[in-house]
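Trainee: Build me a model from this:
(chains A and B)
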Amino acid sequence: MWWSVMENVEPSGSPRVTPLLQRKRATSLSALSALLVACSAAPPQAQTAAAPPPPPIPTTVPVTAPTIDARALPPPSGLAPDWLFPAIKDTSEANGLGIRLVQRRSLPLVYLELVVKSGSASDKDKPGLAAVAGELLKAGGAGKWTGTTLVDAAESLGSSLDVTTDRDSTRITLAVTTEHFRDALDILAAVATKPRFDPGEFAKLKQREHDRVASLAKTSAGWAASMVLYRRLFELPSAVHPYSHFDATPTEIDAIKLADCKAWHAREFSPKNAFLVVAGDVEDAPLAEAVHASFGAWKGDAAEEPNFTAPVPPNALSIFLVDRPASAQAEVYVATLGPERKSPEWPVLRTTNQILGGGVTGRLFLDVREKRSLAYRTRSSVESLAHGPVPIVLSAGTQTAKTGLTLQALLEQFDGLTKNAPTDEETAIATRYLSDVFLVGVDTVGTIAGMTADLGIYGLPNDYYDTYRTAVRAVSKQAVFELSQEYFKPEKAIVVVAGDAARLTAPLSHFGAVQIVDAEHGFVIKSKAAQDPTAPIELPRINGT
Amino acid sequence: MFQGSAHVKKGEHFTLITARGGTLNGTTSTDRTNYFETLPASELPLSLWLEADRMKSLAVTEPNVENQRAVVQEEYRMRVSNQVYSGGFIKLRSLVFQKYFPYEHDTIGSMQDLDQAKFEWIATFHDAYYAPDNAVLTVAGDFDPDEAMRLIHEDFDDAVRRKSVPAYVPPALAEQTAPRHADVTDTNANTPALYQGWAIPPSRTPEHYALELAASILGQGESSRLYQKLVRKDGKAQSTSVWTEGQRGPDMFALRVVLSPHAKLPDVQRDVDAEIDAFAKSGPTQVEVDRAKTRVSADFLFGLESNQERAIELGEYETYWGDARLLSTELEHYRAVTPGQIKAAVRSYLVKARRSTVHVLPPGPEADKILSGKAPEGSLCGGP
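Mentor: Reported below is the predicted structural model:
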């Protein structure tokens, strides 16, 4: 049981090196047991090196000594230690494969991530293709390994071979202790460059994928809502946007052939469309030698980029209700599109999102959860995409009876930032948080590898995280206000609710016309309800919901 | 615990931590409750001050309790009512730990429990257990230990001992002598699921180390026996998982199989029984044991990478076992386990008479038949 929900904000980090279990046992206090694990691997001279002080930090916390009882006020804020993202060493193989090395020697661990810059956006007219083909690289066997012996080999290294597909990339990862990094590289290379595409394993995988999405359509409100949300956010008048499918339907999975998977691999998997991220305890020369031995013979040209036509936003509030009969809870989403990932507005967008619903100090948490007690989990988020505008999504999970009230609250908060600029205090808290949370988050090689991979996917420079921290500290409340006015249009937002349509159609019709979606049959619109401003937005509770 | 104390206004705990670049949260499990903040090293004084203030003067008031009751009820709807197969696991726990109060119920309780909890109960519980003489404070990261101790003394020395905390003496768990079984319907489910559980010795006993490795070999990772058989080879399952709960007192060895749409529960039940019987009869191979130990070693190292995880682990070892330093010798216990010990532990504990089974059924005619006692021929429902 977790009490509060902390959103994972911009990937964050710490430069500290932390020897395992180097600790000093404290003497017992009068009552409380205290344990100290002090870990500072930076050499003494590094700690005292004259580093330029960070920019001034706006804060509402008192920094002067109180006059009466010092312990009645919070201790003054110290200046956060200076911090830079660990250095990335970029090299490449002759075939074009990029190698991005981030050395961390605190623990004998290495995280390997082969990134191919093609994800579900490269599905073309076969939704689900990149995900199925990516998984088949592993399940179908590769090189000298069958599907079964391949996972045996990976797990014998104490690792788990994972292939993940997002909208812009396919990532093959292994995390191992240093002694196994050469064996791990061999496995990664075989999976990427020598897949067997075993027909029997393909048939089984396809069945599993069919079962998975058929099951999700029934069991996961969030998945079903996201399917609708992405279709509508990236809707085009006469074409299919590469980002418009969040996942595939069972019918779409059935349409994928083995030949499609082979063709996708031949088209997208090339050293010129990939890079290898290595984070952890490994030296330059042995790595270069091992990478050359494993990947040197890989050949191929750059992949063709999909056509990212700008999506057409709706001209009025659109409400979609994904029917989940007898559901105990409803998931409510309000969404629109914001600026591009590479836009200079990004730090302002992140600050705006933080103020709106980025954590336990966001307006959604304080209002929808703490004040109105409508939801346990409520937040807003922005997604990173390599091309074009990104989704901004407000969400909350609530009981059926209060779904209308919850939607009303989300829309009010969405609209609120367009009417008035945030307070100085809100802006200061958000910018300080976004800037300094880097110091506490980047303490695993997996996180560092993921953040390094993101830079390559989104076309961001190696010093991006450092310049981002400076930029976010400079964001003003006026900039937040102006961005909100430009992008937040509650009257044209897309609303998706996953819940019991028999009860929820009426309260949702209070806000606009409602289209009811059947998630278990291809997400067709199965019925519609006209707007009824007189419909009550709160329902009587039935069986506690 | 986030609703204010003598010098911290309602909600200010969130604000102060976030405003200085930190994160915070808290969790409950069967054996402990923890609260944690992770901040830049320069903010250690703030973190200690906040924890000390609420330890000494939390605002346990009726309005705060009422506000949080509604929030936790929403959590119940999200994590239990609306979460597929969660009801099956709650039922399994109640079977394995039948009439054993500490572990029989789920941590969050039932919606009825949440409705009926009285303010006085909460205040009394807080007064008795949220005491400095019942707490462990762990600090991990980049700081000067002497300065940290000075701050800790300054903030916590005047926290008053309650002397009301009972000693930890877990009651004995009655030995199960016959299999237990339950069928539950799950409106969120699309396909059936099978849960099985056995009571096993507490964590950090020789048998427990052996059974943790057995769980790894049986059902952790794609090379495990159940995954290979039921997911990869036969396609009867969408997922398999096997684990131990890691409790301080009597523990549970549990498995879950989520069936594919075309698979039948009795069939999968027979397959799982056969795999466990074969494991008990022949034991693991040396290759399987080596792989499981390598996995444990890697998981151990990766699991202690972050300061937050390190602090949580050390705090639990101090809380449960009285010495956080035991964590540094933990891997040796796993490395010392032999294939013979794994086989012996499986033969002793994972036996049919000690087994509890829960069949989770999607709503529909088949579930109606089973739950009304008209199980179709060949079904195991109604009792093994």
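
Trainee: Tell me how many other residues surround the residue nearest to residue A:219 when sequence neighbours are not counted.
Mentor: Nearest non-adjacent residue to residue A:219, counting by CB to CB, 6 or more residues apart in numbering or on different chains: residue B:84, 4.2 Å away. C-beta here means a position set from N, CA and C on the backbone, and glycine is covered the same way. For residue B:84, the neighbour count with other CB atoms under 10 Å in any protein chain shown is 21.

Trainee: Residue numbers of the stretch 101-250 of chain A in contact with chain B?
Mentor: A:107-109, A:139, A:147-148, A:151-152, A:155-161, A:175-177, A:204, A:207-208, A:211-212, A:214-215, A:217-221 (CB under 8 Å from any CB of the partner chain).

Trainee: Show me those that map onto strands.
Mentor: Mapping these onto strands (DSSP state E) picks out A:109, A:175-177.

Trainee: Give me the buried subset of those.
Mentor: A:109, A:175-177 (16 or more other CB atoms under 10 Å in any protein chain shown).

Trainee: how close does residue A:491 sit to chain B?
Mentor: 28 Å (CB to the nearest CB, to the nearest Å).

Trainee: burial of that residue, as a residue count?
Mentor: Neighbours around residue A:491, by other CB under 10 Å: 11.

Trainee: where exactly do the strands run in the chain?
Mentor: I'll assume chain A. Under DSSP E, chain A gives strands at A:33-38, A:89-92, A:98-103, A:109-116, A:162-165, A:170-177, A:274-280, A:318-323, A:329-340, A:378-382, A:389-399, A:494-499, A:514-518, A:524-529.

Trainee: wrong one, chain B
Mentor: Ranges of strands within chain B are B:23-28, B:33-38, B:136-141, B:180-185, B:193-200, B:237-244, B:251-259, B:355-361, based on DSSP E.

Trainee: Residue A:234: which of those strands is closest?
Mentor: strand B:237-244 (29.0 Å; CB to CB).

Trainee: which residues are contacting that closest one?
Mentor: Residues from elsewhere that reach strand B:237-244, judged by CB atoms under 8 Å, 6 or more residues apart in numbering or on different chains: A:208, A:211-212, A:215, B:191, B:200, B:203, B:208, B:211-212, B:215-216, B:218-220, B:224, B:226-227, B:230-231, B:251-260, B:263, B:268.

Trainee: Of those, grab the buried ones for ChimeraX.
Mentor: To isolate the buried ones among the contacts of strand B:237-244 in ChimeraX, judged by 16+ other CB under 10 Å, type:
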select /A:208,211,212,215 /B:191,200,203,208,211,212,215,216,218,219,220,224,226,227,230,231,251,252,253,254,255,256,257,258,259,260,263,268
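
Trainee: tally of neighbours for the residue in the stretch 351-500 of chain A that chain B sits nearest to?
Mentor: Residue nearest to chain B within the stretch 351-500 of chain A: residue A:436 (2.3 Å; CB to the nearest CB). Neighbour count of residue A:436, defined by other CB under 10 Å: 29.

Trainee: Hmm, it is touching residue B:20, no?
Mentor: Yes: using CB atoms under 8 Å, residue A:436 is in contact with residue B:20, at 6.7 Å.

Trainee: shared neighbours of the two, anything?
Mentor: Joint contacts of residue A:436 and residue B:20 (CB under 8 Å, 6+ apart) are A:80, B:40.

Trainee: I'd like to know which helix or strand in chain A has the lowest mean pLDDT.
Mentor: Ranked by mean pLDDT, DSSP states H and E, the weakest helix or strand in chain A is helix A:44-48, scoring a mean of 31.

Trainee: all helices in the stretch 201-350 of chain B, in order from the N-terminus.
Mentor: With helices called from DSSP state H, counting those that start in this stretch, the stretch 201-350 of chain B shows them at B:206-219, B:225-226, B:265-282, B:286-303, B:307-321, B:330-335, B:339-349.

Trainee: what residue lies at the spatial centre of the chain?
Mentor: Using chain A. residue A:383 (6.3 Å; CA atoms, centre = their mean).

Trainee: I was after chain B.
Mentor: Centre-nearest of chain B using CA atoms, centre = their mean is residue B:245, 5.1 Å out.

Trainee: so what pLDDT did that residue get?
Mentor: Predicted confidence (pLDDT) for residue B:245: 96.

Trainee: measure it to chain A for me?
Mentor: Residue B:245 is 14 Å from chain A, where distance means CB to the nearest CB.

Trainee: Give me the distance between that residue and residue B:41.
Mentor: 34 Å (CB to CB, to the nearest Å).

Trainee: Low-confidence ranges, the chain, go.
Mentor: Reading this off chain A. By pLDDT under 70, the weakly predicted segments of chain A are A:1-33, A:37-70, A:544.

Trainee: Chain B was what I was after
Mentor: Checking chain B against pLDDT under 70 turns up B:371-384.

Trainee: In it, which residue sits closest to chain A?
Mentor: For chain B, CB to the nearest CB, closest residue to chain A: residue B:21, 2.3 Å.

Trainee: residues in contact with that residue?
Mentor: A:80, A:432-433, A:435-440, B:39-40, B:43.

Trainee: Now which of those would you call buried?
Mentor: The buried subset of the contacts of residue B:21 - by 16+ other CB under 10 Å - is A:80, A:432-433, A:435-440, B:39-40, B:43.

Trainee: Could you single out the nearest of those to residue A:477?
Mentor: Of the buried ones among the contacts of residue B:21, the one sitting nearest to residue A:477 (CB to CB) turns out to be residue A:432, at 13.6 Å.

Trainee: wouldn't the closest one be in contact with residue B:19 here?
Mentor: Yes: at 5.5 Å, residue A:432 and residue B:19 qualify as touching, with contact defined as CB under 8 Å.

Trainee: so what's the residue of the stretch 351-500 of chain A closest to chain B closest to, chain neighbours aside?
Mentor: Closest to residue A:436 by CB to CB, 6+ apart is residue B:21, at 2.3 Å.

Trainee: The one you found and residue A:438, how far apart?
Mentor: From residue B:21 over to residue A:438 (counting by CB to CB), the distance is 8 Å.

Trainee: who's in contact with residue A:378?
Mentor: A:357, A:364-365, A:368-369, A:394-397, A:410.

Trainee: for it, which residues make a bridge with it?
Mentor: Bridge pairing for residue A:378 (DSSP bridges) gives the partners residue A:396.

Trainee: Report the beta-bridge partners for the closest residue to residue B:212 other than its chain neighbours.
Mentor: Spatial nearest neighbour of residue B:212, excluding adjacent residues (CB to CB, 6+ apart): residue B:244 at 5.5 Å. Counting by DSSP bridges, residue B:244 is bridged to residue B:253.

Trainee: Which one of the strands of chain B lies nearest to residue B:108?
Mentor: With CB to CB, the closest approach to residue B:108 among those belongs to strand B:23-28: 8.0 Å.

Trainee: Show me what the closest one is packed up against.
Mentor: Applying 3 or more CB pairs under 8 Å, 6 or more residues apart in numbering or on different chains; DSSP states H and E, one finds that strand B:23-28 contacts helix B:12-19, strand B:33-38.

Trainee: how about a markdown table for these, with distance to chain A and mean neighbour count added?
Mentor: Output for those, formatted as a markdown table (distance: least, CB to the nearest CB, whole Å; neighbours: other CB atoms under 10 Å in any protein chain shown):
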| stretch | distance to chain A | mean neighbour count |
| --- | --- | --- |
| helix B:12-19 | 4 | 23 |
| strand B:33-38 | 4 | 19 |
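
Trainee: For my notes, please list the ones you listed in JSON lines and give distance to residue B:317 for each entry.
Mentor: Formatted as JSON lines, the helices and strands packed on strand B:23-28 follow (distance: least, CB to CB, whole Å):
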{"stretch": "helix B:12-19", "distance to residue B:317": "25"}
{"stretch": "strand B:33-38", "distance to residue B:317": "13"}
